[in-house]
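Engineer: sequence first, predicted model second:
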Amino acid sequence: MKVLVTGGAGYIGSHVVRELFDQGHEVVILDDLSLGNPENIDPRASFIEGSIHDLPRLEEAFTQRVEAVFHFAAFKAAGESMLAPQKYARNNIAGTINLLNTMLAHDVKTMVFSSTAAVYGNPRYLPVDEKHPTEPTNFYGYTKLEIENTLEWYAQLKGLRYAALRYFNAAGYDVQGRISGREYNPANLLPLVMEVAAGERAELQIFGADYPTADGTGVRDYIHVNDLATAHLAALEYLSKNKDNLKINLATGQGYSVLEVVEAARRITGKEILVKIVGRRTGDPAELVATSRIAGELLGWQAQHSDLDTLLTSMWQIYNQQSS
């Protein structure tokens, strides 16, 4: 199958492109490189530099007879989304509508969508499952939920087939070491820990150490990007064989606290990793873990590389090489 991957030079998108090739598919990448890294563009792919707002570039992509779309072209910084909602509304919501309308114009009706656990908001119970209320607490999460709702309407009215994959904290790098271009301006815990270990950042700020958890720091569910990639391919296969659309979690059900991550990183990197405890951030829950039972049942998927040591080791291979 020939698949269009929007944002295919980005962190998750580039790993999914590799998985597509590993499983025998052809790939067209559309990426404006505002967040994507040119180092990570697979040379086997047909690459188009452009955005989902660039209608001529979208048309160019679909004239290559793609049969399905993997959609990663989104802004994703929750804090920034609260300061610049217009930026997120235009790119994430309006851009996706451009993409959907172009898909329909070319009779392409299969999309695997990169959604987020941010659609749930603060957890009412744990582990979070797909029946949990969707009450996003930041505008980024709202845009993803709005896209999911739009996909549902397009499915009802235009016969779109889609899978919305809600994942939690993506981390790690290709376990085979085939992707080395780092994510631009990461804001998540694990890459920030790596930056401290690599000497690029003086210390790690820990936002709150007085939560009702075992060590007082926040607990999160991390998933390896290779595991995300295999889930996207499994979702595509599911859509090709079944009539149902999907809205499912991708997670491990295993939570690690901030201090557990730091201690593991110290052991793996051999670096001191200085930390500084500061005040809590507004809206941060004490604990956020999820169940992927439905992904296991419907897709036959389970995480293979998402233990903390594999996550950190695969990241340190990249950060250590580039800091030495």
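Structural biologist: Good, I have the coordinates.
Engineer: how many neighbours does Gly159 have?
Structural biologist: 10 (other Cβ atoms under 10 Å). C-betas here are computed from N, CA, C, even on glycine.
Engineer: relative to Ser115, how far out is it?
Structural biologist: 20 Å (Cβ to Cβ, to the nearest Å).
Engineer: so what's Val108 up against?
Structural biologist: Counting by Cβ atoms under 8 Å, 6 or more residues apart in numbering, Val108 touches Leu4, Phe62, Val66, Glu67, Ala68, Val69.
Engineer: quick one: low-confidence ranges for the protein?
Structural biologist: By pLDDT under 70, the low-scoring segments of the chain are 323-324.
Engineer: show me where it has its helices.
Structural biologist: 11-22, 55-62, 78-83, 85-88, 95-105, 139-158, 189-197, 225-241, 258-269, 293-299, 308-323 (DSSP state H).
Engineer: which one of the ones you listed lies closest to Asp42?
Structural biologist: helix 11-22 (5.0 Å; Cβ to Cβ).
Engineer: ok and the closest one relative to helix 225-241, angle-wise?
Structural biologist: Here the directions of helix 11-22 and helix 225-241 differ by 60 degrees (axes from the mean of the first three to the mean of the last three Cα atoms, to 10 degrees).
Engineer: excluding residues flanking it in the chain, which one is nearest Gln23?
Structural biologist: Closest residue in space to Gln23, ignoring its immediate chain neighbours: Leu233 at 5.6 Å, by Cβ to Cβ, 6 or more residues apart in numbering.
Engineer: Val27 versus the one you found, what's the distance?
Structural biologist: 12 Å.
Engineer: repeat for Gly270
Structural biologist: 38 Å.
Engineer: which of the two has more neighbours?
Structural biologist: Comparing Gly270 with Val27 by other Cβ under 10 Å, the one with more neighbours is Val27, at 22 against 10.
Engineer: now for that one: which residues touch it?
Structural biologist: Lys2, Val3, Leu4, Val5, Gly8, Val17, Leu20, Phe21, Asp42, Arg44, Ala45, Ser46.
Engineer: so in terms of bridging, what pairs with the first one?
Structural biologist: It stands for Lys2. Glu26 (DSSP bridges).
Engineer: likewise the last one?
Structural biologist: Using DSSP bridges, the beta-bridge partners of Ser46 come out as Val28.
Engineer: got a markdown table for the contacts of Val108, with distance to Met82 and neighbour count too?
Structural biologist: What follows is the contacts of Val108, written out as a markdown table (distance: Cβ to Cβ, whole Å; neighbours: other Cβ atoms under 10 Å):
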| residue | distance to Met82 | neighbour count |
| --- | --- | --- |
| Leu4 | 31 | 26 |
| Phe62 | 34 | 19 |
| Val66 | 35 | 22 |
| Glu67 | 37 | 16 |
| Ala68 | 33 | 21 |
| Val69 | 29 | 26 |
